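Visitor: here is a sequence with its predicted model. Questions after.
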Amino acid sequence: MRKRGLATLSAALVVGSLCAGAPQPRAEAADSGGGAGSSTGLGVDLDTVTIPELQARMADGSLTSSALTSAYLRRIKAIDPTIHAVLRTDPTALRQAAASDTRHRHGATRGPLDGIPVLLKDNVNTRGLPTTAGSLALAGSPPDTDAALVTRLRDAGAVILGKTNLSEWANFRAAKPTSGWSAVGGQTNNPYVLDRNPCGSSAGSGAALAASLAQVAIGTETDGSIVCPAGMNGVVGHKPSLGRVSQAGVVPISAEQDTAGPMARNVIDTALTFSVLSGGRTADGLTSPGALRGKRIGLWRLPSLGPEVDAVMTRTAKQLRTAGAEVVEVTPPYQQRLSELEFPALLSEFHRDIDAYLATREGPRNLAELIEFNRTHPAEQTCFAGQELFEQALAAPATTDPEYRAMRAELKDLSRRSIDETMTTHHLDAIASPTNPPAWTTDCARGDNDVIPSSTPAAVAGYPSLSVPAGFVDELPVGLLLMAGDHEDTELLSLGAAVERRLHAWRAPRYLPSVGTGASR
């Protein structure tokens, strides 16, 4: 197998997106108050335009970053009051865009993200902007410095458009949390059906992209919090291999599993953003982008997610086989043991890592002080009052404890074997599974209905995963989660681009107030 770097992948995907279209045409995006179908006045459709198409327009002078950024800011003003995905916009965004326009005029651009508006999840340190993890405890002074990934984005010329809402403390506070809710931002709604949940802690990033409020967004994941919001909001989400993207300056849960990653409406934009976040380092291997013929994909069905989702998987498998892929059914081993070990290990790691992070910020200086803050601030209890995970983490064994070390070692071993053994036994290029069930109704009293096991093997192993749109159950999106071996990010993105082009599954949301569930399509 030939080995090529991420830059080669990006170039190949650019050609593919310009020639084949990725994804297929949809309704036009809104301008300054209209719904889907009204013109942006830019000559581009914000729902479907790709970064390569935008860069081509900026290169020939028919589009500026200032105009593009203004269009997204107007769209946020018009649409976000319905979904509550964006906490705040950056007051310097138009100045950043003007600087990019100057670089474009002088032929001095910094790469494919120069002038492209990006939203950041609000647990990513951003100088000059509050970074709260959704908590009032961090809502005071902004961080003094950018997270390392924000520095990479700025160096690449990206326009930092603003910050997205998230599940408070990345859904690691209460035993029965409600995804997409934070004391700082309230409840983010799913743009497809507004009373349904956006899933996962990167809820605002996923919902903002579904509503075309930015070109790309940054999410973070410990287990499922990039890929589930991507699946449930009908967009693309890439959880990189552990270590490919620096976690410096990102509010943590666990250094053993945490990673930031790109989210977008198509794979090409996701890949280009990953190339910036990761510094464009080479990957272990890459197959030719766009080709499904001869690929072997293991389908892990997960019937527990319901018959409608299983029907989407059946249709997906048929489409992939028609394109020349071989699809075989698999069940990765050791899943029950992984589910038993993961949570206790994360408790110990959270206590260690959140104490280290809080020591760098104004406000509570450690987990014990954070627990007390929540007890004494009623606004932190308006959706759910519990902070059981905080309390359990405070009492958990230290990460120096031999019992903890044995747990993490077993987790690492079994999670990697669950993927490696499955891929080796069946000679696979990737494992595929449903990313998510249809979005459940948001309910603070009940909490989430989010037992979704597909993200766990790659999350615990530190291997890459990628969710691409697969279909719908009524109006509710379902994603296809692709997993591969350690540091096979470029190969996975290449395969994801081919799957995306074959499935053509994306469609714009309609912001329905409510809907039932029924047959898949």
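Guide: Right, received. Where do you want to start?
Visitor: in this structure residue 167 contacts residue 177, no?
Guide: Yes: counting by CB atoms under 8 Å, residue 167 touches residue 177, with 6.2 Å between them. Where C-beta positions appear, they are placed from N, C-alpha and C, glycine not excepted.
Visitor: roughly how far apart are residue 341 and residue 456?
Guide: Residue 341 sits 11 Å away from residue 456, going by CB to CB, to the nearest Å.
Visitor: please disregard the earlier target; I meant residue 348.
Guide: Taken as CB to CB, the span from residue 348 to residue 456 is 18 Å.
Visitor: and for residue 499?
Guide: For residue 499, the distance to residue 456 (CB to CB) stands at 21 Å.
Visitor: those two - which one has more neighbours?
Guide: residue 499 (27 against 19; other CB atoms under 10 Å).
Visitor: where does the stretch 251-400 of the chain dip in pLDDT?
Guide: 281-290 (pLDDT under 70).
Visitor: what is the mean pLDDT for stretch 120-133?
Guide: If you average the pLDDT over stretch 120-133, you get 97.
Visitor: show me where the stretch 251-400 of the chain has its helices.
Guide: 267-277, 307-322, 335-358, 367-375, 388-395 (DSSP state H, counting those that start in this stretch).
Visitor: can you redo those as TSV with distance to residue 461?
Guide: Formatted as TSV, the helices of the stretch 251-400 of the chain follow (distance: least, CB to CB, whole Å):
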stretch	distance to residue 461
helix 267-277	18
helix 307-322	22
helix 335-358	9
helix 367-375	27
helix 388-395	23
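Visitor: need the winner for burial among these.
Guide: Of all these, helix 267-277 has the most neighbours on average by mean count of other CB atoms under 10 Å, namely a mean of 28.
Visitor: helices or strands up against that one?
Guide: Packing partners of helix 267-277 (3 or more CB pairs under 8 Å, 6 or more residues apart in numbering; DSSP states H and E): helix 6-20, helix 51-59, helix 148-155, strand 216-221, strand 236-239, strand 259-264, strand 465-473, helix 489-503.
Visitor: what about the ones you listed, which gets the closest to residue 45?
Guide: helix 51-59 (9.7 Å; CB to CB).
Visitor: in that closest one, what's buried?
Guide: 51, 52, 53, 54, 55, 57, 58 (16 or more other CB atoms under 10 Å).
Visitor: with stretch 123-134 instead?
Guide: 123, 124, 125, 126, 127, 129, 130, 131, 132, 133, 134.
Visitor: tell me which two of those residues sit farthest apart.
Guide: The most distant members of those, if one measures by CB to CB, are 127 and 134, lying 19.2 Å apart.
Visitor: mean confidence for stretch 157-175?
Guide: Here the average pLDDT along stretch 157-175 is 98.
Visitor: for residue 347, give its distance to residue 394.
Guide: Taking CB to CB, one finds residue 347 at 9 Å from residue 394.
Visitor: ditto for residue 101
Guide: Residue 101 is 50 Å from residue 394, by CB to CB.
Visitor: quick one: end-to-end distance for stretch 457-465.
Guide: End-to-end distance for stretch 457-465, by CA to CA, to the nearest Å: 10 Å.
Visitor: sorry, slip of the keys, the one I care about is stretch 122-140.
Guide: Stretch 122-140 end-to-end distance (CA to CA) = 13 Å.
Visitor: quick check, pLDDT for the residue nearest the centre of the chain.
Guide: Geometric centre of the chain, nearest residue: residue 226, 3.1 Å, by CA atoms, centre = their mean. For residue 226, the pLDDT comes out at 98.
Visitor: could you verify my assumption that it touches residue 237?
Guide: Yes: Residue 226 is within contact range of residue 237, at 4.4 Å (criterion: CB under 8 Å).
Visitor: shared neighbours, these two?
Guide: 202, 219, 261, 263, 467 (CB atoms under 8 Å, 6 or more residues apart in numbering).
Visitor: which one (most neighbours) among these?
Guide: Most surrounded of the shared contacts of residue 226 and residue 237: other CB under 10 Å gives residue 202, at 38 neighbours.
Visitor: check contacts around that residue.
Guide: 121, 164, 166, 217, 219, 220, 221, 225, 226, 229, 237, 263.
Visitor: of those residues, just say which sits nearest to residue 516.
Guide: Of these, the one sitting nearest to residue 516 (CB to CB) turns out to be residue 229, at 22.4 Å.
Visitor: count the neighbours of the closest residue to residue 207 other than its chain neighbours for me.
Guide: Leaving aside its sequence neighbours, residue 207 sits nearest to residue 85 (CB to CB, 6 or more residues apart in numbering; 4.1 Å). Residue 85 sits with 32 neighbouring residues when counted by other CB under 10 Å.
Visitor: pretty sure residue 85 sits against residue 212.
Guide: No: shown here, residue 85 and residue 212 do not form a contact pair, counting by CB under 8 Å, at 11.0 Å.
Visitor: what segments of the protein are strands?
Guide: 86-89, 117-121, 159-164, 181-182, 186-187, 216-221, 236-239, 259-264, 296-299, 326-329, 430-434, 465-473, 476-483 (DSSP state E).
Visitor: nearest to residue 369 among the ones you listed would be which one?
Guide: strand 181-182 (19.1 Å).
Visitor: who touches that closest one?
Guide: So strand 181-182 is contacted by 122, 132-135, 165-168, 187-188, 383-384, 444 (CB under 8 Å, 6+ apart).
Visitor: looking at it now, give me its mean pLDDT.
Guide: pLDDT averaged over strand 181-182 gives 98.
Visitor: that one: how far from the chain's middle?
Guide: 17 Å (CA atoms, centre = their mean, to the nearest Å).
Visitor: coming back round to it: and residue 167 and residue 177? which has more neighbours close in?
Guide: Shown here are residue 167 and residue 177; by other CB under 10 Å, residue 167 has more neighbours (31 against 25).
Visitor: and the gap between that one and residue 442?
Guide: Between residue 167 and residue 442 the computed distance is 12 Å (CB to CB).
Visitor: shared neighbours, these two?
Guide: With CB under 8 Å, 6+ apart as the test, residue 167 and residue 442 both reach 178, 180.
Visitor: OK, contacts around residue 234?
Guide: Per CB under 8 Å, 6+ apart, neighbours of residue 234: 192, 210, 469, 472, 477, 479, 505, 506, 507, 509.
Visitor: switch these over to CSV; also include neighbour count.
Guide: Shown next, in CSV, are the contacts of residue 234 (neighbours: other CB atoms under 10 Å):
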residue, neighbour count
192, 27
210, 28
469, 26
472, 19
477, 30
479, 30
505, 24
506, 22
507, 17
509, 22
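Visitor: nearest to residue 253 among those residues?
Guide: residue 479 (22.2 Å).
Visitor: I figured that closest one was touching residue 466, is that so?
Guide: No: at 9.4 Å, residue 479 does not count as touching residue 466 under the criterion of CB under 8 Å.
Visitor: before we move on, the earlier item: what's the closest of the helices and strands packed on helix 267-277 to residue 197?
Guide: strand 465-473 (14.1 Å).
Visitor: kindly calculate the angle that that closest one makes with helix 307-322.
Guide: 110 degrees (axes from the mean of the first three to the mean of the last three CA atoms, to 10 degrees).
Visitor: quick one: mean pLDDT for strand 465-473?
Guide: Here the average pLDDT along strand 465-473 is 98.
Visitor: tell me what angle that strand forms with strand 476-483.
Guide: Using the same axes, to 10 degrees: strand 465-473 against strand 476-483 is 150 degrees.
Visitor: and strand 465-473, what does it pack onto?
Guide: Looks like strand 465-473 contacts helix 227-232, strand 236-239, helix 267-277, helix 307-322, strand 476-483, helix 489-503 (3+ CB pairs under 8 Å, 6+ apart).
Visitor: how far off strand 259-264 does it point, in degrees?
Guide: For strand 465-473 against strand 259-264, the angle by the same axes, to 10 degrees is 40 degrees.
Visitor: strand 465-473 to strand 430-434, inter-axis angle?
Guide: Using the same axes, to 10 degrees, strand 465-473 lies at 40 degrees relative to strand 430-434.
Visitor: closest one to residue 410 out of the contacts of residue 202, please.
Guide: residue 221 (21.4 Å).
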